[in-house]
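**Student:** here you go, sequence then predicted model.
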Amino acid sequence: MRGIVFDIDDTLYCRQVMLIKAAEIVLGVSIPDWQEFMRVYYEKSDVNMQMLESGEVSTHDINGWRYNETFRILGLPYDPEDGGKAADTYLELQSHMQVSEDMTKVLDAFAADPSIKLGILTAGESKHQWNKVDMLGLDRWFDRSNIIVSGDTPYMKPDIELFRMFESRWGIAPADLWMIGDSYKHDIKGALDAGWHALWINRRFLGPQEITPDITVESDKELTDALTKTFC
Ligand SMILES: [Mg+2]
């Protein structure tokens, strides 16, 4: 028996496209350097994750602040209310999000294999993350009892306890467990520290990290190819 645990954002669907599109719609300009935009935005996302998970601030307010900070740092023309507007637009775009055709095929194959357990480990505000589970229709492949939103637990990614929860729930040893995610710090490092295998989707094209994951890919195509090759 093997267990495969997925992150949601920028793993089971590509969030970056929607984050940038929302900024472009509100500012009425095209973002010249997507990679730099996402680098700054994610840097700001790391600042107050704890406040978000504890419910001190809402996802909408935090996203508005992240947008304004990113606009300011990149020297994009903006009004103070544009961050909030971009956060609204992003939420609207998110209501139409889908799991890609290729990822659907991979998940269908995994779900049909009795020797594979599928789980989700996601960070963020509980209500917001469960909404995504519903909007993406993830319970087609993932039993709800195998979905852990860190906001529902006393722990934050990459706390090793979150990984231990899957081990005890499934009775599967760390060596037979895999974490699939896009954040080295939150998904990959935690899994490797727990003795798991890890597949890293390095969407931000970062350089070598502290511990080298078992597999590193840089695009959705490479991701689904690697999943098929490794588990099918
Ligand atoms: Mg992610």
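**Tutor:** Good, I have the coordinates.
**Student:** all strands of the protein, in order?
**Tutor:** In order along the chain, the chain carries the following strands (DSSP state E): 2-6, 116-122, 147-149, 177-181, 197-201, 215-217.
**Student:** the ion is nearest to which of these?
**Tutor:** Shortest distance between the ion and these, using C-beta to the ion, is found for strand 177-181: 5.7 Å. Yep, even glycine has a C-beta here, placed from its N, CA and C like the rest.
**Student:** relative to T89, how far out is E24?
**Tutor:** Distance check for E24 against T89: by C-beta to C-beta, to the nearest Å, it reads 9 Å.
**Student:** what about those two, which has more around it?
**Tutor:** A side-by-side neighbour count of E24 and T89, using other C-beta atoms under 10 Å, places T89 first with 20 against 14.
**Student:** setting aside sequence neighbours, what's the nearest residue to the more buried one?
**Tutor:** In space, not counting the residues next to it along the chain, T89 is nearest to A22; the distance is 4.0 Å by C-beta to C-beta, 6 or more residues apart in numbering.
**Student:** ok, that neighbour touching A86?
**Tutor:** Yes - at 4.8 Å, A22 and A86 qualify as touching, with contact defined as C-beta atoms under 8 Å.
**Student:** any common contacting residues for those two?
**Tutor:** With C-beta atoms under 8 Å, 6 or more residues apart in numbering applied, the overlap between the contact sets of A22 and A86 consists of Y67.
**Student:** my guess is M165 contacts I147, does it?
**Tutor:** No - taking C-beta under 8 Å as the definition, M165 is not a contact partner of I147, at 11.2 Å.
**Student:** between A22 and A86, who's got more neighbours?
**Tutor:** When neighbours are counted by other C-beta under 10 Å, A22 and A86 differ, and A86 comes out ahead with 27 against 22.
**Student:** the ion contacts on the chain?
**Tutor:** Residues of the chain lying near the ion by C-beta under 5 Å from the ion: 7, 9-10, 182.
**Student:** now those as JSON lines including pLDDT, distance to S100 and neighbour count?
**Tutor:** Listed next are the residues of the chain next to the ion as JSON lines, based on pLDDT from 0 to 100; distance: C-beta to C-beta, whole Å; neighbours: other C-beta atoms under 10 Å:
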{"residue": "D7", "pLDDT": "98", "distance to S100": "15", "neighbour count": "21"}
{"residue": "D9", "pLDDT": "94", "distance to S100": "14", "neighbour count": "20"}
{"residue": "D10", "pLDDT": "94", "distance to S100": "12", "neighbour count": "21"}
{"residue": "D182", "pLDDT": "96", "distance to S100": "14", "neighbour count": "23"}
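**Student:** nearest residue to the residue of the chain found nearest the ion in space, please, no chain neighbours.
**Tutor:** For the chain, the residue positioned closest to the ion under C-beta to the ion is D9, at a distance of 3.9 Å. Spatial nearest neighbour of D9, excluding adjacent residues (C-beta to C-beta, 6+ apart): R15 at 4.7 Å.
**Student:** how many other residues sit next to the one you found?
**Tutor:** R15 - counted by other C-beta under 10 Å - has 20 other residues nearby.
**Student:** go on, F110?
**Tutor:** Neighbours of F110 (other C-beta under 10 Å): 21.
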